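K.L.:
Build me a model from this:
(chains A and B)
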Amino acid sequence: SQQGEEDPQALSIQEGENATMNCSYKTSINNLQWYRQNSGRGLVHLILIRSNEREKHSGRLRVTLDTSKKSSSLLITASRAADTASYFCATGEGNTPLVFGKGTRLSVIA
Amino acid sequence: ETGVTQTPRHLVMGMTNKKSLKCEQHLGHNAMYWYKQSAKKPLELMFVYSLEERVENNSVPSRFSPECPNSSHLFLHLHTLQPEDSALYLCASSQGRQWGPGEQYFGPGTRLTVT
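P.N.:
Coordinates of the predicted model:
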């Protein structure tokens, strides 16, 4: 299975600190995506990184991809209470649907 | 607002009822998905429609029946459900890309409770 596995399962930090979440997967991919989900709501796409890219930025988000280690990380800088959510990585290959991991639950304490 | 709407947002139904969930996307995407999200479980892909054709059906029980009348609408028909079917049902849409699956846009979900 190419399912992504996020690590840690849960993370609690103070507002203003940086939050780092990791994702590992098992097979080759075309792209890897990160999503956020607020409690009981739909997932929101954050960032997509292609397999030939190593790093991507979007506002306070920074995503890295290491295809040799089959891993990715999501860094949220200067976290805010509003960043409290679950974060999922999803791997994509060819025409097959995305495969989502189990998510990391982030709590940002004001 | 992601451009994907779902109705109803909440649904309580008995095990003998028949109901339908509706999803509509206003993004011009060519693929639509149904997911089930239960507490403490990963997101489960149920059905995929690409260009209105069902391309994936992940061993979902027949008490769930999808329908995709056109590229903008997706339904999930429910009948004789079990209590373990209580979950958040999410609809999503995407546009296929040459370099792998595109980003998915999710609706807000329908919280289903089966009593």
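
K.L.:
Spell out, range by range, the strands that occur in chain B.
P.N.:
Assigned by DSSP state E, chain B shows strands spanning B:4-7, B:10-13, B:18-25, B:31-37, B:44-50, B:53-57, B:64-70, B:73-79, B:87-94, B:105-106, B:110-114.

K.L.:
do chain A as well
P.N.:
So, for chain A - with DSSP E - the strands run A:5-7, A:10-14, A:19-24, A:31-37, A:43-50, A:55-58, A:61-66, A:71-76, A:85-92, A:99-100, A:104-109.

K.L.:
Let's have the strands of chain B in JSON lines, adding distance to chain A.
P.N.:
Glycine gets a C-beta too; all of them are placed from N, C-alpha and C. Shown next, in JSON lines, are the strands of chain B (distance: least, CB to the nearest CB, whole Å):
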{"stretch": "strand B:4-7", "distance to chain A": "7"}
{"stretch": "strand B:10-13", "distance to chain A": "10"}
{"stretch": "strand B:18-25", "distance to chain A": "11"}
{"stretch": "strand B:31-37", "distance to chain A": "7"}
{"stretch": "strand B:44-50", "distance to chain A": "5"}
{"stretch": "strand B:53-57", "distance to chain A": "6"}
{"stretch": "strand B:64-70", "distance to chain A": "14"}
{"stretch": "strand B:73-79", "distance to chain A": "14"}
{"stretch": "strand B:87-94", "distance to chain A": "6"}
{"stretch": "strand B:105-106", "distance to chain A": "3"}
{"stretch": "strand B:110-114", "distance to chain A": "7"}
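
K.L.:
and the strands of chain A as JSON lines, adding mean pLDDT, mean neighbour count and distance to residue B:85?
P.N.:
Converted to JSON lines, the strands of chain A look like this (pLDDT from 0 to 100; neighbours: other CB atoms under 10 Å in any protein chain shown; distance: least, CB to CB, whole Å):
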{"stretch": "strand A:5-7", "mean pLDDT": "86", "mean neighbour count": "18", "distance to residue B:85": "26"}
{"stretch": "strand A:10-14", "mean pLDDT": "96", "mean neighbour count": "13", "distance to residue B:85": "27"}
{"stretch": "strand A:19-24", "mean pLDDT": "96", "mean neighbour count": "20", "distance to residue B:85": "29"}
{"stretch": "strand A:31-37", "mean pLDDT": "95", "mean neighbour count": "24", "distance to residue B:85": "20"}
{"stretch": "strand A:43-50", "mean pLDDT": "95", "mean neighbour count": "19", "distance to residue B:85": "20"}
{"stretch": "strand A:55-58", "mean pLDDT": "97", "mean neighbour count": "12", "distance to residue B:85": "36"}
{"stretch": "strand A:61-66", "mean pLDDT": "98", "mean neighbour count": "18", "distance to residue B:85": "35"}
{"stretch": "strand A:71-76", "mean pLDDT": "98", "mean neighbour count": "20", "distance to residue B:85": "32"}
{"stretch": "strand A:85-92", "mean pLDDT": "94", "mean neighbour count": "25", "distance to residue B:85": "22"}
{"stretch": "strand A:99-100", "mean pLDDT": "90", "mean neighbour count": "22", "distance to residue B:85": "20"}
{"stretch": "strand A:104-109", "mean pLDDT": "96", "mean neighbour count": "18", "distance to residue B:85": "24"}
